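Engineer: pasting the sequence and the predicted coordinates here, then a few questions.
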Amino acid sequence: MHQPDDRRRDAERTRREILDVATQEFADRGYDGARVDEIAERTRTTKRMIYYYFGGKRQLYIAALERSYARIREAEHRVNLDHLAPAEAIRRLAEITFDHHEANPDFIRLVSIENIHRGEHIAQLESLAALNSPAIRLIEQILKRGRADGVFREDVDALDVHLAISAYCFFRIANRYTFNAIFERDPVDPARREHYRMLLGDMIVSHLRPAAGS
């Protein structure tokens, strides 16, 4: 006989499996092209159960978006940056984003698809501010330490730093194939990975340093 804890674990496992497959399906086919029937076929559940857990296709898509954003925030907060000097802390934070985006191309595709829809679905995500505000506060804390130490400029905005890091990491994955077709250089080439990773950190840290003589 199943105990309540067993049923809860089974439900969590089923929900996680549905989200895993749904993320791939939405990333591969887009919101309009994805089919709940296909997601059900690829999981150990039924279309009816998917609706039971999530309510419908739109809610499932929003849940996939929410979890994708939550995972990058979790990656940032798993690493303790307080013991690092400000320049090394911001470099490490940039590297975490770099590594996460490279390891999660479905996240990049999902965000690209949501931008095609002009943020229609993500705007309905009640947890959005709670998910992303800590990321900005983390950068603000590092910038504050850097200003106090005199190694960072006073006029730098945390959101701008977040934008610069995200833009570099996102472009590298999202535009991999077009960039390679135009310039015959794959930005995800493993042989150049450390070069690109270091380049990101160098650019961010250089931007934050005070101008000579200031």
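Structural biologist: All right, it came through fine.
Engineer: what helices and strands are in contact with the longest helix along the chain?
Structural biologist: As assigned by DSSP state H, the longest helix anywhere in the chain is helix 4-33. Contacts defined by 3 or more C-beta pairs under 8 Å, 6 or more residues apart in numbering; DSSP states H and E place helix 4-33 against helix 36-41, helix 47-54, helix 57-78, helix 105-116. Every C-beta, even on glycine, is put in place using the N, C-alpha and C of the backbone.
Engineer: what's the angle from that helix to helix 57-78?
Structural biologist: Interaxial angle, helix 4-33 versus helix 57-78 (axes from the mean of the first three to the mean of the last three C-alpha atoms, to 10 degrees): 110 degrees.
Engineer: ok so, going back, residue 162 is nearest to which of the helices and strands packed on helix 4-33?
Structural biologist: Judged by C-beta to C-beta, the one of those that comes nearest to residue 162 is helix 57-78, at 10.5 Å.
Engineer: buried residues in the closest one?
Structural biologist: 57, 60-69, 72-73, 76 (16 or more other C-beta atoms under 10 Å).
Engineer: residue 17 reaches residue 39, doesn't it?
Structural biologist: No. The pair residue 17 / residue 39 is not scored as a contact, 10.0 Å apart, by C-beta atoms under 8 Å.
Engineer: any idea of the pLDDT on residue 20?
Structural biologist: Residue 20 is assigned 94 on the pLDDT scale.
Engineer: how close does it sit to residue 136?
Structural biologist: For residue 20, the distance to residue 136 equals 28 Å [C-beta to C-beta, to the nearest Å].
Engineer: on that earlier part again, more crowded one of residue 17 and residue 39?
Structural biologist: residue 39 (24 against 15; other C-beta atoms under 10 Å).
Engineer: leaving out the residues flanking it, which one is nearest to the residue most central in space within the chain?
Structural biologist: Centroid-nearest residue in the chain: residue 72, 4.3 Å away (criterion: C-alpha atoms, centre = their mean). Excluding its sequence neighbours, the residue lying closest to residue 72 (C-beta to C-beta, 6 or more residues apart in numbering) is residue 100, at 5.2 Å.
Engineer: dump the residue contacts of the one you found.
Structural biologist: Residues near residue 100 by C-beta atoms under 8 Å, 6 or more residues apart in numbering: 71-72, 75, 107, 169.
Engineer: quick one: residue 168 from residue 94, how far?
Structural biologist: From residue 168 over to residue 94 (counting by C-beta to C-beta), the distance is 8 Å.
Engineer: for the chain, name the helix or strand with the lowest mean pLDDT.
Structural biologist: Lowest on mean pLDDT, DSSP states H and E among the helices and strands of the chain sits helix 4-33, with a mean of 87.
Engineer: quick check: angle from it to helix 105-116?
Structural biologist: 50 degrees.
Engineer: show me what counts as buried in helix 4-33.
Structural biologist: Of the residues in helix 4-33, 14-15, 18-27, 30-31 count as buried by neighbour count, 16+ other C-beta under 10 Å.
Engineer: could you pull out the buried residues of the strand or helix carrying residue 102?
Structural biologist: When elements are assigned from DSSP states H and E, residue 102 belongs to helix 86-103. The neighbour-count check on helix 86-103 (16+ other C-beta under 10 Å) flags 86-87, 89-98, 100-102 as buried.
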